[in-house]
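Visitor: attaching a predicted model along with its sequence, questions to come.
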There are 2 protein chains.
Amino acid sequence: MADDAQGDESRPAVADPVRQRNLSFVMRRLHTQGPLTRSELTSASGLNRSTMLGMVAELQDLELVIEDAAVADGTAGRPSPLVRPHPDILALTVNPDVAGVTCALVGLNGRVVARELVPVDHKVTPDEVGTITGAFVASMAKELPASTRLAGVGIAAPGLVDERDNSVALAPYLEWEDVPLAELIEQATGLPATMANDTSVGVVAESLFGIGVGCDNLLYLNGSTSGVGGGVISDGSLIRGAHGLGTELGHVLLNRNGKHCVCGRVGCLETEVNIRRVWDILGRRVGLNELDHVYANESTPELDADLDDQADALAAGIASLACVFSPELVVLGGHVGALLDARRERIEAEVKRQSFGPLSTGVRLERNHLRERMVPIGAAELAFARVLQQPSFATLTPLADVAGRAA
Amino acid sequence: MADDAQGDESRPAVADPVRQRNLSFVMRRLHTQGPLTRSELTSASGLNRSTMLGMVAELQDLELVIEDAAVADGTAGRPSPLVRPHPDILALTVNPDVAGVTCALVGLNGRVVARELVPVDHKVTPDEVGTITGAFVASMAKELPASTRLAGVGIAAPGLVDERDNSVALAPYLEWEDVPLAELIEQATGLPATMANDTSVGVVAESLFGIGVGCDNLLYLNGSTSGVGGGVISDGSLIRGAHGLGTELGHVLLNRNGKHCVCGRVGCLETEVNIRRVWDILGRRVGLNELDHVYANESTPELDADLDDQADALAAGIASLACVFSPELVVLGGHVGALLDARRERIEAEVKRQSFGPLSTGVRLERNHLRERMVPIGAAELAFARVLQQPSFATLTPLADVAGRAA
DNA sequence: CTAGGTTTGTTGCGTCGCCAAGCATACCCA
DNA sequence: TGGGTATGCTTGGCGACGCAACAAACCTAG
């Protein structure tokens, strides 16, 4: 965009033009907070009424928002028309995982329009992901209105994602290595595709639309069959790390003299907080949906002791991570979330005991709120980024065109 | 500034006016990169030549920069005048610590004009800090030209700093608690004072002017007599944590079954990487300046074994932190820096061995470059923030005025 | 030493985006 | 039904930037 050689300091305004900035403000606000009156947008932005008039008109022309007739709300003064994100704008999201491929269509403001998990009984291949995605789009094109337009594709992958070229660097549980999945999906759909780690997009979703709303510093830990992952929102934005490789919070150290971890190291958090150990004790695999029920109703000395151990290990991990980030809020998902509900007092007490001074004494622990909508909503964020950042230059593709191409 | 109720999304341009943004770009560029020609500024900013002409003129009127006559540099074309940050603009920095109080005057572009450590043989009190600062300013006023102007005071404190009210929440080694030091210094000098943790400002300095130049993701670990501290630059900016309390990297967990730490917890990094253990083995206190010499020249089985242990512990800590941040660069200072030079191969091998996949295999380890200039330069950044962010509204106070008031 | 090429400084003008002011409109309440 | 109030809408002005044209200062080549 700019011919700026070194991309360090905040760019001058010309590379990030004033108008786009302000249109972006309006779109973001509508996206995160839902329908707002023009008057609310005006006071939130600090801009002049007349300026907001022009901006909303421009966004209407772009078919990015719709303005409803003003409705009296009981207060004095002329009512202000309600501006809402255009309901026809959707993002396609794709999330391959060990259980299969989840595709979804997500609207602005975190609205999940459709969501479908296609189970796959083997390690899914990239080509199969493309086929499943195409079929999903085709079936959706029949159900949804012809006015539906897609902003792009957001792909969430369970593994290390290289954000420079939108490829999967390494996804051990899919047995993928250096897979240019975004490119494949782009060719199949004709839409721009962006990829990120599944947990990373999840934490973004939770911070925008879930329990993390209004919280600028939060830590997320997710327990899945494949281990413990996580992500961090610091000062309102996601920690990406050096190569956009993201974070691997499941592999922080708990014990240098501990057990061997699948990652080849020793004493990682995920070796001590592990759903497989629970399965071994129970003698059966328990899905995440049943887990709350099991933790609440089944009790054997062995299970109780193990959950106590896992709770202590989790607390130790949280306390250690709190030294590094000092979050206001720690969000727990997957089996770690279930563990929180089963052992909340123990975990809270232990985190408090192991806190470093004021850093983590006040930390709140919560389960994630979005549950199965978390990853689709987060992945959609990737696709919406263009529309939200440069509304005037967003290119939206009719769903029918995408379906036609995929067929 | 703005009447914006919720301070989330990026503000609209009016709250961050275009002109200030661009003037800020120029000032920041000159600050971090030193003198530049107007033509270089033009192409770096992407702005028009005529615009840059006007901006540099405005900054000259504000006496924030000076423009030297153009000098031919051997290339074709009309030579461009050299723009440099005004040498008369200085920041006053104050850094109380166990050894005493260090005051300094620092110019833009990381130039340390004067630096003085006043030793104090007891725990220094806030009032003493004020007195020492006043005396320093008075003596400087005699030495420096009358044209010298101060941008403000930057205070670096060894402990938890509450950035909301610029007070020291807790500084165990000074035995301070809830000390409004910035307010005290403001009253003594009449200058605006800002405070932050000493290690936090240090890592900012190192990332702007030291080994971290050009690196957006770096981790800093500093070993001092009082323990191990650290800071993180992620995506180019400092991780501040929930209440601006900063990070306590010395207290990440190495071993849940390890030794007790002074912080009341167990198995922290700083219990296993500790200069006091070296002193015990040597039978004497060794200052940081001598440490390199000692590590290079003294060798007993006991010392060698202990340094090996400390190297391994440090490597484990780095590998664990790398899972959380995936830094490109890890910078080591204080006794941890000396340890790096003494055991570089061992540490690098161990970090590599304990790396999680691609996350930390490529990580570089380096000693800090700025050494004793690190904290003053970083603290000055706090004072320069106003000048760099809103150049037109910066208020600079003649040094003589400050000295007069302090007297 | 001079002419042509190149890069940058400088000036004047046009455009874009915002704000302020004033009037119009639509609500509430008495 | 009229006053109070908040917002919509329109017009005019201003600040900041880009563009284009010309001037100035350097280099190189002959």
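Guide: Nice, thanks for sending it over.
Visitor: alpha carbons only for contacts and neighbour counts from here, please
Guide: Will do.
Visitor: burial of the residue in chain A that DNA strand D sits nearest to, as a residue count?
Guide: Per C-alpha to the nearest atom of the strand, A:Gly77 is where chain A lies closest to DNA strand D, at 3.1 Å. Residues lying near A:Gly77 (other C-alpha atoms under 10 Å in any protein chain shown) number 8.
Visitor: hang on, it is in a strand, isn't it?
Guide: No: using DSSP: H, G, I helix; E, B strand; the rest coil, the assignment for A:Gly77 is coil, not a strand.
Visitor: how much space between it and A:Arg38?
Guide: 14 Å (C-alpha to C-alpha, to the nearest Å).
Visitor: residue contacts, the residue of the stretch 251-400 of chain A found nearest DNA strand C?
Guide: Among all residues of the stretch 251-400 of chain A, A:Ser392 sits closest to DNA strand C, at 9.7 Å; criterion: C-alpha to the nearest atom of the strand. Contact analysis of A:Ser392 by C-alpha atoms under 8 Å, 6 or more residues apart in numbering or on different chains lists A:20, A:59, A:62.
Visitor: now which of those residues would you call buried?
Guide: Neighbour-count burial (16 or more other C-alpha atoms under 10 Å in any protein chain shown) is assigned, among the contacts of A:Ser392, to A:20, A:59.
Visitor: any chance of the contacts of A:Ser392 in TSV, plus distance to DNA strand C?
Guide: Compiled in TSV, those are given as follows (distance: C-alpha to the nearest atom of the strand, whole Å):
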residue	distance to DNA strand C
A:Gln20	7
A:Leu59	12
A:Leu62	14
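Visitor: for the residue of the stretch 251-400 of chain A closest to DNA strand C, give its distance to A:Leu23.
Guide: According to C-alpha to C-alpha, A:Ser392 stands 8 Å off from A:Leu23.
Visitor: what do these two both touch?
Guide: Shared contacts of A:Ser392 and A:Leu23 (C-alpha under 8 Å, 6+ apart): A:Leu59.
Visitor: just give the number of residues close to A:Leu219.
Guide: Residues near A:Leu219, counting by other C-alpha under 10 Å: 25.
Visitor: so A:Glu381 belongs to a helix, correct?
Guide: Yes: membership of A:Glu381 in a helix is supported by three-state DSSP.
Visitor: chain neighbours aside, what residue packs nearest to it?
Guide: Ranked by C-alpha to C-alpha, 6 or more residues apart in numbering or on different chains and with sequence neighbours excluded, the top spatial neighbour of A:Glu381 is A:Gly154, at 7.2 Å.
Visitor: do the same with A:Pro192
Guide: Spatial nearest neighbour of A:Pro192, excluding adjacent residues (C-alpha to C-alpha, 6+ apart): A:Gly152 at 5.2 Å.
Visitor: what of A:Gly227?
Guide: Closest residue in space to A:Gly227, ignoring its immediate chain neighbours: A:Glu270 at 5.8 Å, by C-alpha to C-alpha, 6+ apart.
Visitor: which strand or helix spans that neighbour?
Guide: Taking DSSP states H and E as the definition, one finds A:Glu270 inside helix A:269-272.
Visitor: ramachandran coordinates for the closest residue to A:Leu59 other than its chain neighbours?
Guide: Of all residues not flanking A:Leu59 in the chain, A:Val65 sits nearest, at 5.8 Å (C-alpha to C-alpha, 6+ apart). The phi/psi pair for A:Val65 (degrees, to the nearest 10) reads phi -140, psi 160.
Visitor: thought A:Val65 was touching A:Arg84?
Guide: Yes: counting by C-alpha atoms under 8 Å, A:Val65 does reach A:Arg84; the two are 5.6 Å apart.
Visitor: find the nearest non-adjacent residue to the residue of the stretch 251-400 of chain A found nearest chain B, please.
Guide: Nearest to chain B, among the residues of the stretch 251-400 of chain A, is A:Asn255, at 4.0 Å (C-alpha to the nearest C-alpha). Counting by C-alpha to C-alpha, 6+ apart, B:Asn255 is the residue found nearest to A:Asn255 once chain neighbours are left out, at 4.0 Å.
Visitor: just give me the neighbour total for the one you found.
Guide: B:Asn255: 21 surrounding residues under other C-alpha under 10 Å.
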